[in-house]
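Peer 1: Provided below are the primary sequence and the corresponding predicted coordinates.
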Amino acid sequence: MRKSVDKFKHIISKVIPLDRSNIDTDAIIPKQFLKSIKRTGFGPNLFDEWRYLDHGEPGMDNSKRSINPDFVLNKPQFKDSKILLVRENFGCGSSREHAPWALLDFGIKVIIAESFADIFYNNCFKNGILPITLQKDEIEELFSETETKTLEIEVNLEKQFVKSSKSYSFEIDEFKKSSLLNGLDEIGLTLENKSVIVNFEKSYFSNYPWLKQE
Amino acid sequence: MAKNLYEKIFDKHVVLAQDDTYLIYIDRHLIHEVTSPQAFEGLKIHERPLWRKESVVAVPDHNVPTTDRDKGIQDPISKIQVETLDQNCKDHNLLQFDMSDVRQGIVHVIGPEQGLTLPGMTIVCGDSHTSTHGAFGALAMGIGTSEVEHVMATQCLIQKKLKTMKIDVQGKTHPLVSAKDIALFVIGQIGTAGGTGYAIEFCGDAIQQLSMEGRMTLCNMAIEAGARSGMVAVDDTTINYLKNKPFAPKNGMWDLAEKDWRTLHSDSDAVFDKVVEIDATMIEPQVSWGTSPEMVKGITESIPKKSNLTSDKHLDFQRALEYMGLNENTPINEISVDKVFIGSCTNSRIEDLREAARYLKGKKINPSIKLAMAVPGSGIVKKQAESEGLDKIFMESGFQWRDPGCSMCLAMNADRLESGDRCASTSNRNFEGRQGQGGRTHLVSPAMAAAAAVHGHFVDIRNEKISG
């Protein structure tokens, strides 16, 4: 079967602590960058309004813009980080898949939060990003560890744990887990049931004929 | 077994079930220019046909200009996006209401208006405010672009069952308290993540009394409470709204459909995972003061005091106040505004415009207001409003009367706030930068926005003189 996303692998990386709740997808990738008709190239504008001091527009040379040195993503030690640590309700707001595209383009493969917004959570899996939900006190522990040092974490999806100075287990839906581990093409999977869908349509439209009308 | 509304619709659409993962059939797929191009590209790359083109309806709304429409789109990148939608619709032979079509408008306004949104349907769109369509007793939800491609290619979505929440709004609201106030009040109560993982059904006297426009406003805002879907049961109001809509079933088909639609309500003994009861008489006109829709208060109240909040909220509270340029404990009616926006998929339907115009009739906006704009949700809404003379009322009071589109709700076109602008807005999100970088948004109902335009600050609409 054709693979649509990269297989999710075991990850060890520095963790970027972004200490906020309710980070919305407008903040993750502002609207002006949604005008692109591509899936790639959003990384330099990830968290654009927080990351830069000037106003960003598509087509600008981002290397020439003035960056906000206080914003955590701009700290040199996090340049190659693959893991983002946040608080509750991450990814709320707009359904724009440009948000996970921007995170992925920056290099983020794992997001650890107390909770996620539904649509964003779903969108992550379609792009090979693993969103991990931990308990409030566990998130607190991880944030406090990041206060004293640049924290490196190990993420093991197969065995469902996150390990810093201590190990935390996490829950994940089996179907989503196997999609990530195998990099499955979900559309291809669904199309394996083509005849089932065709048969469903036959009985469905005979029960609800007005839906067949256009 | 007794079923609630969500379960009834979900169960009818199950194509395949494997453990707790379902393949569900999608009846209606609405698309717009922002979240569809990459999905069409995906189909092309994988050489997959579009499963059922009759299910798709397209409209450009996010990028379209609301002035000088005949001059086309000035922003070259926006232009490419809208032209890409045109081309994709042509290539796949899809129904599109393009920029020159009078039926063009915000995707969540035109679907119901054309009778393309029907009870019992599963409806998806690459847009979080798809929850709007649940007002018709439909299961409607926002999806990402990968799922847009999945629906295009298979007519199905892979889903888990959502939990269900019943929000029972009992009693009567004050006549000048609108659906928007109910929505904001609910979000203030349960929080922006309160509905995460749930489909919400709104019921109770106050909901039954709402028009379809009001129910759409309410379901539209379900996503701001974290719920992918909001819904209201079918009743006479639903049926009467749909009758004679262009794409609604006709004649014998209508009778068949109506019989089925009448069953689309929760059984009396249906069970929900969570029930929230709200006393409608407690709801006053609402104004958001912060950078999340849950940061909202009644017009007679004040911004909270930090000391009254739990310590885990302090950082977000402080950050919101700083961004909004406000102090704790400020009375809501002392907050002044310099811009006013009436529009968006939340509040741009004919009833919303009537509500604002009824207040504005014979009044002028305050000289302190730099810009006030009314943006109808569709060409049809605009035409209807003009036939009622609402455009004249808006313009005589000092509002600009624009062409339909998403406009300043998310500022993807030229309509946006400048840094530091403070706006009374009938839209749905007060996030940082949502209406323009550095812009400050206060979410309100259309009547409250109109009153803020006249006074230059928020006032209690219940104490105002209203003509007609």
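Peer 2: Perfect, I can see it now.

Peer 1: in its sheet, what does the lengthiest strand in chain B sit against?
Peer 2: When chain B is parsed with DSSP state E, its longest strand is strand B:163-170. According to DSSP bridges, strand B:163-170 forms sheet pairs with strand B:198-203 (parallel), strand B:274-279 (parallel).

Peer 1: Which stretch among these is buried most, on average?
Peer 2: Ranked by mean neighbour count under mean count of other Cβ atoms under 10 Å in any protein chain shown, the strands paired with strand B:163-170 are led by strand B:198-203, which reaches a mean of 28. For every residue, glycine as well, the C-beta is placed using N, CA and C.

Peer 1: Give me the pLDDT value at residue A:185.
Peer 2: If you check residue A:185, the pLDDT there is 90.

Peer 1: Chain B versus that one, what's the distance?
Peer 2: According to Cβ to the nearest Cβ, to the nearest Å, residue A:185 and chain B sit 8 Å apart.

Peer 1: Tally up the residues packed near that residue, please.
Peer 2: 16 (other Cβ atoms under 10 Å in any protein chain shown).

Peer 1: mind checking how far stretch B:269-288 is from the chain centre?
Peer 2: 19 Å (Cα atoms, centre = their mean, to the nearest Å).

Peer 1: Report the mean per-residue pLDDT for that stretch.
Peer 2: 98.

Peer 1: same thing with stretch B:39-51?
Peer 2: 97.

Peer 1: just stretch B:228-238 next, same as before
Peer 2: Rounded mean pLDDT across stretch B:228-238 is 98.

Peer 1: Which of the residues in that stretch are classified as buried?
Peer 2: For stretch B:228-238, the buried set under the neighbour-count rule, 16 or more other Cβ atoms under 10 Å in any protein chain shown, comprises B:228, B:229, B:230, B:231, B:232, B:233, B:234, B:235, B:237, B:238.

Peer 1: Please compute how far the longest strand of chain B lies from its chain's middle.
Peer 2: With Cα atoms, centre = their mean, you get 19 Å for strand B:163-170.

Peer 1: buried set for that strand?
Peer 2: Quick answer for strand B:163-170 (16+ other Cβ under 10 Å): B:163, B:164, B:165, B:166, B:167, B:168, B:169.

Peer 1: Which of those residues sits closest to chain A?
Peer 2: residue B:163 (10.9 Å; Cβ to the nearest Cβ).

Peer 1: How many neighbouring residues does residue 12 have?
Peer 2: No chain in the question, so chain A it is. When neighbours are counted by other Cβ under 10 Å, residue A:12 comes out with 12.

Peer 1: that's the wrong chain, I wanted chain B
Peer 2: 18.

Peer 1: closest to residue B:101 out of the strands paired with strand B:163-170?
Peer 2: Across the strands paired with strand B:163-170, residue B:101 has its closest neighbour in strand B:198-203 (32.3 Å, Cβ to Cβ).

Peer 1: tell me the secondary structure for the nearest residue to residue A:170 once chain neighbours are set aside?
Peer 2: The shortest distance from residue A:170 to any residue that is not its chain neighbour, by Cβ to Cβ, 6 or more residues apart in numbering or on different chains, is 4.9 Å, and that residue is residue A:132. Of the three states, residue A:132 takes strand under DSSP: H, G, I helix; E, B strand; the rest coil.

Peer 1: what number of residues lie near residue A:132?
Peer 2: Counted with other Cβ under 10 Å, residue A:132 comes out at 20.

Peer 1: How about residue B:110?
Peer 2: 25.

Peer 1: picking that back up, mind exporting the C-alpha coordinates of the longest strand of chain B to CSV?
Peer 2: Only the C-alpha atoms of strand B:163-170 are listed here, as CSV (Å, rounded to 0.1, in the frame of the first residue of the first chain):
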residue,chain,number,x,y,z
LYS,B,163,-19.9,11.8,23.9
THR,B,164,-23.2,13.7,24.1
MET,B,165,-24.0,16.7,26.1
LYS,B,166,-27.5,18.2,26.6
ILE,B,167,-27.6,21.9,27.3
ASP,B,168,-31.1,22.7,28.5
VAL,B,169,-31.9,26.4,28.5
GLN,B,170,-35.1,26.7,30.5
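
Peer 1: low pLDDT regions in the chain?
Peer 2: Went with chain A since none was named. Within chain A, the set of residues satisfying pLDDT under 70 comprises A:1-4, A:213-214.

Peer 1: actually it's chain B I care about, not the one you picked
Peer 2: B:468.

Peer 1: got the contact list for the helix or strand where residue A:203 lies?
Peer 2: Assigned by DSSP states H and E, residue A:203 belongs to helix A:194-207. Under the criterion Cβ atoms under 8 Å, 6 or more residues apart in numbering or on different chains, residues A:190, A:211, A:212, B:15, B:16, B:23, B:25, B:51, B:154, B:155, B:156 lie in contact with helix A:194-207.

Peer 1: So among those, which ones count as buried?
Peer 2: A:190, A:211, B:15, B:16, B:23, B:25, B:51, B:154, B:155, B:156.

Peer 1: Take those residues and lay them out in a markdown table including secondary structure and distance to residue B:334.
Peer 2: As requested, the buried ones among the contacts of helix A:194-207 are exported to a markdown table (DSSP: H, G, I helix; E, B strand; the rest coil; distance: Cβ to Cβ, whole Å):
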| residue | secondary structure | distance to residue B:334 |
| --- | --- | --- |
| A:190 | helix | 55 |
| A:211 | helix | 52 |
| B:15 | strand | 56 |
| B:16 | strand | 57 |
| B:23 | strand | 54 |
| B:25 | strand | 52 |
| B:51 | coil | 55 |
| B:154 | helix | 54 |
| B:155 | coil | 53 |
| B:156 | strand | 53 |
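
Peer 1: Could I get the contacting residues of residue B:130?
Peer 2: Contacts of residue B:130 (Cβ under 8 Å, 6+ apart): A:95, B:30, B:108, B:123, B:124, B:140, B:141, B:142, B:143.

Peer 1: give me phi/psi at the third one?
Peer 2: Meaning residue B:108. phi -80, psi 0 (degrees, to the nearest 10).

Peer 1: what separates it from residue A:99, distance-wise?
Peer 2: Distance, residue B:108 to residue A:99, using Cβ to Cβ, to the nearest Å: 20 Å.

Peer 1: These two - which one has more neighbours?
Peer 2: Taking neighbours as other Cβ under 10 Å, residue B:108 and residue A:99 compare with residue B:108 leading, 34 against 30.

Peer 1: Verify the stated contact: the more buried one with residue B:219.
Peer 2: No - using Cβ atoms under 8 Å, residue B:108 is not in contact with residue B:219; the gap is 9.5 Å.

Peer 1: Now do the shared contacts for the two.
Peer 2: In contact with both residue B:108 and residue B:219: B:132, B:133, using Cβ under 8 Å, 6+ apart.

Peer 1: Could you tell me which residues of the stretch 251-400 of chain B lie near chain A?
Peer 2: Applying Cβ under 8 Å from any Cβ of the partner chain, we find that the stretch 251-400 of chain B lies next to chain A at B:253, B:254, B:256, B:257, B:260, B:292, B:315, B:316, B:319.

Peer 1: the helices in chain A, which residues?
Peer 2: A:25-28, A:48-51, A:98-106, A:118-125, A:136-148, A:174-182, A:186-191, A:194-207 (DSSP state H).

Peer 1: Now the last one: buried residues?
Peer 2: Translated: helix A:194-207. So helix A:194-207, judged by 16+ other Cβ under 10 Å, has buried residues A:197, A:200, A:201, A:204.
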